[in-house]
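> with the input below, show me the fold.
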Amino acid sequence: MLVAAAVCPCPPVLVPEVAAGAAPELDAARAACADALGVLAAARPDLLVVVGPAEQPGRGVFPQGSRGTFRGFGAEVDVRLGSGAAGERELPPSLAVAGWLLERTGWADAPIEGLGVGEPLETERCVRTGREIAGRAARVAMLVMGDASACRTLKAPGYLDERAAPFDAQAARALGAADIEAIKALDADLAYQLKAAGRAPWQVLAGAAEGADLAGALLYDDAPYGVCYLVATWS
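All right, here's what the predicted structure looks like:
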């Protein structure tokens, strides 16, 4: 059963070495992520499942010990998803950011597994995947990585789209309230158009949380660089 979840954004610029001179701009987001991971640790799970968006070949399951790197982003920073033998595949960026967050907070409390999901994955499959995750152990926690829209300003990666702010507000309300049905109702096609890569991982979370009766809290909601980053906890 799902006992706790943390929702965090996954831009590589969360890693200060990647952001370089712009690193202080995301200090508040990093602090919120650290607080969210503290909620996971306090839940004392038997298993932590990290879910994040991924392109091929970064989709599927990543065992504990899988390695990731930010060298492709100009920073000599390597991470691991918990301790253990390295897997054969490199973590996708979203799970690498999760690994960095976990290392930063000294996470070592439970076995860890990663799951990279495709951004276009339909809602029903996301929800079904979440249900399967919740049944993996008596006490399951999830670290759910993903950004909201990337279309909030003219300089945003997806340029300005007037639909972005309402979509982000809907997502923020749903995540902050742990509103499972509202998360399931997020429009997958619109999310894809707005480059909201968090939609599929959030809907995996919604499936995992069915029947868990968790309460939500929104810790961070801002759109630096025209991309909306949300941090929330469910416990």
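> leaving aside the residues adjacent along the chain, what's closest to the most centrally placed residue in the chain?
Centroid-nearest residue in the chain: Met145, 0.7 Å away (criterion: Cα atoms, centre = their mean). Counting by Cβ to Cβ, 6 or more residues apart in numbering, Gly52 is the residue found nearest to Met145 once chain neighbours are left out, at 3.5 Å. (C-beta placed from N, C-alpha, C; glycine too.)
> element containing that neighbour?
Here Gly52 sits within strand 47-53, counting by DSSP states H and E.
> now that strand: average pLDDT?
What strand 47-53 shows for mean pLDDT is 98.
> over to stretch 24-35?
For stretch 24-35, mean pLDDT rounds to 96.
> gap between it and the chain center?
14 Å (Cα atoms, centre = their mean, to the nearest Å).
> longest helix in the chain, please.
As assigned by DSSP state H, the longest helix anywhere in the chain is helix 27-42.
> ok, residues contacting that helix?
Applying Cβ atoms under 8 Å, 6 or more residues apart in numbering, the contact partners of helix 27-42 are 4-9, 14, 48, 101-102, 104-105, 107, 109, 141, 143, 219-220, 222, 224, 229, 231-233, 235.
> do stretch 52-69 as well
With Cβ under 8 Å, 6+ apart, stretch 52-69 has contacts from 10, 77-87, 89-99, 111-119, 144-146, 197-198, 200-201.
> go again using 7 Å as the cut-off
10, 78-87, 89-92, 94-96, 98-99, 111-119, 145-146, 197-198, 200-201 (Cβ atoms under 7 Å, 6 or more residues apart in numbering).
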